[in-house]
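Novice: sequence-free structure coming up:
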Ligand code: GLA
């Protein structure tokens with residue numbers, strides 16, 4: 001009995017300790033969707049310059065997540081190496097540069113012998129690789145699950161092994177669990193030491209998966225995340241995968257499987273719902289050649305403030321009649337975030353009884369996309385375009 005209690009306490013302490021690594025959802029830029037395997041140190045430096053100079057770091061996007069295809073095998077002592085052609089100056093120099101810009105550097109590996117794209121991975125080398133990442137100055141590890149057994153106990157064990165290795169590496173390194181939600185990571189990823197876990201297969205630049213081959217549209221991932229809200233909180237987040245905002249159907253992998261691009265209304269819905277659900281925000285568009293509309297969506301400080309709210313609640317759905325969906329999220333300072341989404345393909349009029357918010361007579365509705373505040377009594381009425389989401393920060397008067 002004593003041992004059981006001691007074990008439970010220690011499990012709880014480990015999870016709670018690692019919660020402190022990412023008390024709000026990590027935000028940054030991830031290389032995969034746009035650049036796939038075409039990455040190098042020059043590109044990462046350019047992205048760092050852009051993020052530091054052009055408002056992203058200031059808005060909270062602190063990480064550059066280098067995804068798959070950076071690896072160049074192992075040396076004679078089995079130390080993992082970066083590809084010498086892509087990263088000739090080495091990862092430590094690159095991390096130093098990224099840090100000098102006030103940013104953090106993420107890297108990628110896999111809990112098997114090979115990564116998803118077939119590069120050297122970390123299974124069996126967890127301690128050694130974690131130590132190497134720490135020496136380089138890495139701040140985040142996205143840890144994938146390709147070529148690994150489809151068994152949740154094994155997955156738990158493999159992720160825990162890497163989390164423990166990171167914990168013992170001498171550096172604070174956030175662990176992102178990338179198992180795609182197939183083995184119920186909501187039940188074990190936090191205990192294993194992950195700060196977040198992917199809930200779905202890879203996001204595609206589309207509203208809805210029409211080919212049903214494992215590619216995920218925005219609405220598909222919202223549907224998967226919706227019932228999982230209870231599992232997330234400060235330090236342990238639902239990772240809904242990369243933002244496709246601004247990819248315009250020209251991204252690499254996210255243009256597979258019918259991903260021809262979304263409308264900007266749909267991109268705004270993705271940003272809205274990823275923030276309502278407190279998902280990490282990993283941009284993946286052509287950040288070096290972006291348009292103003294993309295910046296307007298990604299750099300909206302009011303929606304980011306909902307994503308980063310200190311209470312760390314995840315929105316839950318409220319039943320309402322009609323075709324629109326309504327989501328509520330409690331925010332710090334006695335405020336609530338309210339999202340109204342029209343998932344249908346036709347415009348929808350909605351009359352929303354404000355009793356869903358409590359029993360106050362009058363509310364202030366701050367429209368975070370229109371940047372306007374209005375007074376509301378009894379019902380909120382409006383029309384939503386197909387796939388549109390409106391988000392309000394609500395306070396009592
Ligand atoms: C998997 C992951 C993606 C990406 C690729 C890289 O598919 O889910 O996010 O990291 O591997 O190979």
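Specialist: Noted; the coordinates are in hand. Given the structure is predicted, the values throughout are model-derived calculations rather than measurements.
Novice: for the ligand, what are the nearby residues on the stretch 201-350 of the chain?
Specialist: Those residues of the stretch 201-350 of the chain that sit near the ligand, judged by Cβ under 6 Å from any ligand atom, are residue 202. C-beta here means a position set from N, CA and C on the backbone, and glycine is covered the same way.
Novice: all helices for the stretch 201-350 of the chain, in order.
Specialist: When secondary structure is read from DSSP state H, counting those that start in this stretch, the stretch 201-350 of the chain shows helices at 218-225, 264-276, 292-298, 301-307.
Novice: contacting residues around residue 304?
Specialist: The contact partners of residue 304, taken as Cβ atoms under 8 Å, 6 or more residues apart in numbering, are 27, 59-60, 275, 281.
Novice: and it, how far from residue 25?
Specialist: Computed with Cβ to Cβ, to the nearest Å, the distance linking residue 304 and residue 25 is 10 Å.
Novice: overlap in contacts, those two.
Specialist: Contact criterion Cβ under 8 Å, 6+ apart; residues shared by residue 304 and residue 25: residue 281.
Novice: now stretch 239-246, how far from the chain's geometric center?
Specialist: 7 Å (Cα atoms, centre = their mean, to the nearest Å).
Novice: kindly check the end-to-end length of it for me.
Specialist: Across its full length, stretch 239-246 reaches 19 Å end to end, with Cα to Cα, to the nearest Å as the criterion.
Novice: what of stretch 273-286?
Specialist: In terms of Cα to Cα, the two terminal residues of stretch 273-286 are separated by 22 Å.
Novice: and what of stretch 260-267?
Specialist: Taking Cα to Cα, the span from the opening residue of stretch 260-267 to its closing residue is 13 Å.
Novice: ok, residue 381 touching residue 351?
Specialist: Yes - at 5.0 Å, residue 381 and residue 351 qualify as touching, with contact defined as Cβ atoms under 8 Å.
Novice: pull the contacting residues for residue 308.
Specialist: With contacts taken as Cβ under 8 Å, 6+ apart, residue 308 has the following neighbours: 24-25, 27, 60.
Novice: can you check residue 162 too?
Specialist: Neighbouring residues of residue 162 by Cβ under 8 Å, 6+ apart: 109, 111, 122, 126, 130, 141, 143, 175, 193.
Novice: in a helix, it, correct?
Specialist: Yes - the assignment for residue 162 (DSSP: H, G, I helix; E, B strand; the rest coil) places it in a helix.
Novice: what's the spacing between it and residue 17?
Specialist: 16 Å.
Novice: how about the nearest residue to residue 49, chain neighbours excluded?
Specialist: Computed as Cβ to Cβ, 6 or more residues apart in numbering, the closest residue to residue 49 that is not its neighbour in sequence is residue 101, at 6.9 Å.
Novice: actually residue 331, sorry about that
Specialist: With sequence-adjacent residues excluded and distances taken as Cβ to Cβ, 6+ apart, residue 331 is closest to residue 309, at 4.8 Å.
Novice: now residue 190
Specialist: Going by Cβ to Cβ, 6+ apart, residue 190 has residue 236 as its nearest residue, at 4.2 Å.
Novice: in contact with the one you found, which residues?
Specialist: Residue 236 sits next to 15, 19, 189-190, 194-196 when contact means Cβ under 8 Å, 6+ apart.
Novice: just these: which are in strands?
Specialist: Counted as lying in strands by DSSP state E, out of the contacts of residue 236, are residue 196.
Novice: reformat the contacts of residue 236 into CSV and put distance to the ligand and pLDDT next to each item.
Specialist: Conversion of the contacts of residue 236 to CSV gives the following (distance: Cβ to the nearest ligand atom, whole Å; pLDDT from 0 to 100):
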residue, distance to the ligand, pLDDT
15, 24, 71
19, 23, 91
189, 14, 98
190, 19, 98
194, 14, 98
195, 16, 98
196, 13, 98
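Novice: among the contacts of residue 236, which are located in helices?
Specialist: 15, 19, 189-190 (DSSP state H).
Novice: who touches whichever residue of the stretch 251-397 of the chain sits closest to the ligand in this structure?
Specialist: Nearest residue of the stretch 251-397 of the chain to the ligand, counting by Cβ to the nearest ligand atom: residue 253, 7.1 Å away. By Cβ under 8 Å, 6+ apart, the contact list for residue 253 reads 32-33, 36, 202.
Novice: mind running it again at 6 Å?
Specialist: If you count contacts by Cβ atoms under 6 Å, 6 or more residues apart in numbering, residue 253 has them with 33, 36.
Novice: can you count the residues close to residue 100?
Specialist: Neighbours of residue 100 under the rule other Cβ atoms under 10 Å: 10.
Novice: quick check, pLDDT for it.
Specialist: In this prediction, residue 100 carries a pLDDT score of 98.
Novice: look up how far the ligand lies from it.
Specialist: Applying Cβ to the nearest ligand atom, to the nearest Å, the value for residue 100 to the ligand is 26 Å.
Novice: how many residues are close by residue 200?
Specialist: 21.
Novice: just say helix, strand or coil for the closest residue to residue 194 other than its chain neighbours.
Specialist: Residue nearest to residue 194 in three dimensions, not counting chain neighbours: residue 177, with 3.8 Å by Cβ to Cβ, 6+ apart. Each residue gets one of three states, and residue 177 gets strand by three-state DSSP.
Novice: what does the pLDDT read for residue 177?
Specialist: Residue 177 carries a pLDDT value of 98.
Novice: and what of residue 16?
Specialist: For residue 16, the model assigns a pLDDT of 67.
Novice: and the residue of the stretch 151-300 of the chain nearest the ligand?
Specialist: Proximity of the stretch 151-300 of the chain to the ligand (Cβ to the nearest ligand atom) peaks at residue 202, 4.8 Å away.
Novice: what about the closest residue to residue 140 other than its chain neighbours, which SS state?
Specialist: Nearest residue to residue 140, sequence neighbours excluded (Cβ to Cβ, 6+ apart): residue 106, at 3.4 Å. Taking three-state DSSP as the rule, one finds residue 106 in the strand state.
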